[in-house]
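> Take a look and give me a structure for this.
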Amino acid sequence: MGNQRASTEIISSKKKHFPKSTVGLWLCGIAFTWVIAAIGFALSRIPGLDRLGSLACAIIIAVIYRQLFGYPETIRSGIQFSAKFFLRIAIVLFGLKLNIAIILDQGLGLLVRDAGVIIFAVLVTVWLGKRLKADPAISLLLGVGTGICGAAAIAAISPIIQAKEEDTAVSAGIIALVGTIFSITYTILLPYLPITALHYGIWSGISLHEIAHVALAGAPAGPNALAMALLAKLGRVLLLVPLCFFLMYERNRKKARNPDQTKLEFPWFLIGFIFMSLFGSYVLGKSIPISPSILNSISTFTSFILTSAMVGLGLNVSFYAIRTKALRPFIAMCITSVILSVMTFFIA
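Prediction:
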């Protein structure tokens, strides 16, 4: 009798710590972000919305869902898992897009200009944000997103500066939208600009926000211009790593002066990003042959899980937060982007 009671208590204890319903709801939360991400991908195939991209479409859907139906609390654990874990996995896989060998062989001159662009974008956006009394965290996120590689850069520095999830989502959405507008504007201006195709490609690569935006703007100028545009852009992506470590250094320096400040976790996903960059640059395709179709599949998968992660972040956004916190940083970022486009036109 005693043994039976003890076994019953053990079983009930296991159920208490590992209830099946919790695992089911966790999976439902992940599936929920995947469904919205898939809808975002489908919408991005529609003419007109293809300019916006799957990331922006999915974030918009997530934000609208939150306003109409509220946050789905019962599946919160799965949604948060997508927002955090998939975000880091996407950044690691994003490293495969960065061919360090090509940048070091052909793009050292571009790398210097890329560094100038990043410093300018971050400092000016943060400075304008202060002048406009904007939220400092969103201003910094938008400055880094403008200077480096859009949503991926925002996602990388967000845990370092310990930004709120809603701030990260709002910033990623703004970057996707503004970058799309700028890239379309570039393609409209292309026939009227008194510059060569290669000049246009470099200009696009050192000034536009995301890799997708650079590809969108650079393609109409021809394959050589597109290749130069992507080379310039990837140089900015490479500089994401030293910028992240600089921000970590600054954060730790402030913590030394203020011990009560929250401890900063080391962003191990950056090590994964560096490893994948080196692996893709010097091993993949050389020591290990791989077909372009597989690389395209990996790229699509990376975009999908990044989109599903952004869905998780987008569900934390409220229109009230956008109106009260994001409008002024948005203005600061737009001003910076316009100045950056004009300035880089003359130095490209």
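
> okay, Phe69: pLDDT?
In this model, Phe69 is scored at 88, pLDDT.

> just Phe301 next, same as before
pLDDT, Phe301: 90.

> do Ile181 as well
84.

> Could you measure from it over to Gly205?
Note on Ile181: its distance to Gly205, by CB to CB, to the nearest Å, is 18 Å. The C-beta positions use only the backbone N, C-alpha and C, and glycine is treated the same way.

> And the two? Which one has more around it.
A side-by-side neighbour count of Ile181 and Gly205, using other CB atoms under 10 Å, places Gly205 first with 32 against 15.

> Tell me which other helices or strands the helix or strand hosting the more buried one touches.
Using DSSP states H and E, Gly205 sits in helix 197-207. Contact analysis of helix 197-207 by 3 or more CB pairs under 8 Å, 6 or more residues apart in numbering; DSSP states H and E lists helix 108-131, helix 211-218, helix 223-238, helix 327-347 as its packing neighbours.

> Which one of those lies nearest to Leu142?
Nearest to Leu142 among the helices and strands packed on helix 197-207 is helix 327-347; the distance by CB to CB comes to 4.1 Å.

> okay, the angle between the closest one and helix 223-238?
If you take axes from the mean of the first three to the mean of the last three CA atoms, to 10 degrees, helix 327-347 sits at 130 degrees to helix 223-238.

> The chain should start at 57 in everything you say after this.
Yep, numbering from 57; the last one is helix 383-403 now.

> Check what contacts helix 383-403 and list those residues.
The contact list for helix 383-403 (CB atoms under 8 Å, 6 or more residues apart in numbering) reads 169, 173, 176-177, 180-181, 184-185, 187-191, 194-195, 198-199, 201-202, 227, 230-231, 234, 238, 251, 259, 262-263, 265.

> C-alpha coordinates for it, CSV please?
Taking Å, rounded to 0.1, in the frame of the first residue of the first chain, the C-alpha atoms of helix 383-403 are listed here in CSV:
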residue,chain,number,x,y,z
LEU,A,383,7.6,58.2,-34.1
ARG,A,384,10.6,60.4,-33.1
PRO,A,385,13.2,57.7,-33.6
PHE,A,386,11.6,57.0,-37.0
ILE,A,387,12.0,60.7,-37.9
ALA,A,388,15.6,60.6,-36.8
MET,A,389,16.3,57.5,-38.8
CYS,A,390,14.7,58.9,-42.0
ILE,A,391,16.7,62.1,-41.8
THR,A,392,19.9,60.1,-41.3
SER,A,393,19.0,57.8,-44.3
VAL,A,394,18.4,60.8,-46.6
ILE,A,395,21.7,62.5,-45.6
LEU,A,396,23.5,59.1,-45.9
SER,A,397,22.1,58.6,-49.5
VAL,A,398,23.2,62.0,-50.6
MET,A,399,26.6,61.8,-49.0
THR,A,400,27.5,58.3,-50.2
PHE,A,401,26.4,59.3,-53.8
PHE,A,402,29.5,61.5,-54.0
ILE,A,403,32.0,59.1,-52.3
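
> Can you list the neighbours in contact with stretch 131-149?
So stretch 131-149 is contacted by 78, 81-90, 128, 208, 211-212, 221, 325-326, 328-329, 331-332, 354, 357-359, 361-362, 364-369, 371 (CB under 8 Å, 6+ apart).

> Any quick PyMOL command for the buried ones out of the residues you listed?
In PyMOL, a selection of the buried entries from these looks like this (16 or more other CB atoms under 10 Å):
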select buried, resi 81+82+85+86+88+89+90+128+208+211+212+221+325+326+328+329+332+354+358+359+361+362+364+365+366+367+368+369+371
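
> Which of the contacts of stretch 131-149 fall within strands?
Among the contacts of stretch 131-149, none falls in strands (DSSP state E).

> any low-confidence regions in the stretch 107-256 of the chain?
107-108, 162 (pLDDT under 70).

> switch to 90 and redo it
Within the stretch 107-256 of the chain, the stretches with pLDDT under 90 are 107-127, 129, 132-133, 136-168, 205-237, 239-241, 243-244, 246-247, 249, 251-254.

> Next up, the contacts around the closest residue to Ala225 other than its chain neighbours.
In space, and not counting its chain neighbours, Ala225 is closest to Leu369: 3.5 Å by CB to CB, 6 or more residues apart in numbering. By CB under 8 Å, 6+ apart, the residues touching Leu369 are 115, 118, 139, 143, 221-222, 224-225, 228.

> now those residues in JSON lines, with secondary structure and distance to Ile102?
Below are the contacts of Leu369 laid out as JSON lines (DSSP: H, G, I helix; E, B strand; the rest coil; distance: CB to CB, whole Å):
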{"residue": "Ile115", "secondary structure": "helix", "distance to Ile102": "16"}
{"residue": "Ala118", "secondary structure": "helix", "distance to Ile102": "18"}
{"residue": "Ala139", "secondary structure": "helix", "distance to Ile102": "26"}
{"residue": "Leu143", "secondary structure": "helix", "distance to Ile102": "26"}
{"residue": "Glu221", "secondary structure": "helix", "distance to Ile102": "28"}
{"residue": "Glu222", "secondary structure": "helix", "distance to Ile102": "28"}
{"residue": "Thr224", "secondary structure": "helix", "distance to Ile102": "27"}
{"residue": "Ala225", "secondary structure": "helix", "distance to Ile102": "23"}
{"residue": "Ala228", "secondary structure": "helix", "distance to Ile102": "21"}
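
> Perfect, that will be all.
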